[in-house]
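Novice: Quick one, fold the following:
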Amino acid sequence: MAQYNKIVSFLYTSLVLLSGLFLLVYSPDLMHMVVIWAVLLAAIFWLLIVPVLLAFSLQVNNPVLIGLLGLITIVPFGLSMIALREINPSLLIVFAMTVWIADSAAYFAGKRFGKHKLAPSISPGKTFEGVLGAWVAVTTYAILLCYITHQSYMFVLVFWGVMILSIMGDLFESLVKRQAGVKDSSSLLPGHGGVLDRIDGLTSTLPLVMFLITMPIYYNLYLYVKAVIFHG
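Specialist: Presented below is the predicted three-dimensional model:
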């Protein structure tokens, strides 16, 4: 969608791939730090920057900027997916299913009852009725999980946050596609809008789930920095 030529695309993807392999093989400790900072960057991006881009439908036409946005979208998502699997594979499945349930429920509810457009200038197919359908489905799923696992029903709020983030991920990808003037994010999955269309909701949710899990690390880092600044 950045419309790079084949040479630039090859160099871009090769650099990202080789950097990841180098960190994974030769510096696992550094890779751990990369995950921590990538997740923090993704949290700032999805919670502060993307809402502004969506609210004002800001133009993102610079190829370099789109390339950077691609890194922020894909890299923290991939690292978070691996980290969540290492923590507990069930955790990854639970939140991935939340996104899939929200996406499916929004589609069918919007198809059947959709009348009021959610963001017509970004994604004409999204409706408030679809969002309501997603909310009902995710709430039901979350309540059942809390009941089965004997967790506090306050965790339902986390699933609501995941649902909202998944919608933001979907809208952000639609915004970039519309501004790039393309219908599909790639040609790898013909008829499905490309690979990014299949994972757009996960790109915004998994890094934020990982951010919540690693919150104590960031808090301890804050305390350390505060101590250094004020106490030398």
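Novice: Residue ranges in the protein under the pLDDT threshold?
Specialist: For the chain, the stretches with pLDDT under 70 are 1-2, 182-195, 232.
Novice: Give me the nearest residue to the residue sitting nearest the centre point of it, chain neighbours excluded.
Specialist: Note on the chain: the residue nearest the mean C-alpha position is residue 204, at 1.3 Å, using CA atoms, centre = their mean. Spatial nearest neighbour of residue 204, chain neighbours left out: residue 169 (3.1 Å); criterion: CB to CB, 6 or more residues apart in numbering. Where C-beta positions appear, they are placed from N, C-alpha and C, glycine not excepted.
Novice: Now do the SS call for that neighbour.
Specialist: helix (DSSP: H, G, I helix; E, B strand; the rest coil).
Novice: List the contacts of it.
Specialist: Contacts for residue 169 (CB atoms under 8 Å, 6 or more residues apart in numbering) come out as 46, 200, 201, 202, 203, 204, 205.
Novice: Count the residues that sit near the fourth one.
Specialist: If I follow you right, that is residue 202. For residue 202, the number of neighbouring residues by other CB atoms under 10 Å comes to 25.
Novice: in which helix or strand would I find it?
Specialist: Counting by DSSP states H and E, the element that carries residue 202 is helix 195-213.
Novice: by contact count, what packs against that helix?
Specialist: Under the contact criterion of 3 or more CB pairs under 8 Å, 6 or more residues apart in numbering; DSSP states H and E, helix 195-213 touches helix 28-44, helix 63-87, helix 89-113, helix 156-180.
Novice: Give me whichever of these is most buried.
Specialist: helix 156-180 (a mean of 21; mean count of other CB atoms under 10 Å).
Novice: how far does that one sit from the chain's center?
Specialist: 7 Å (CA atoms, centre = their mean, to the nearest Å).
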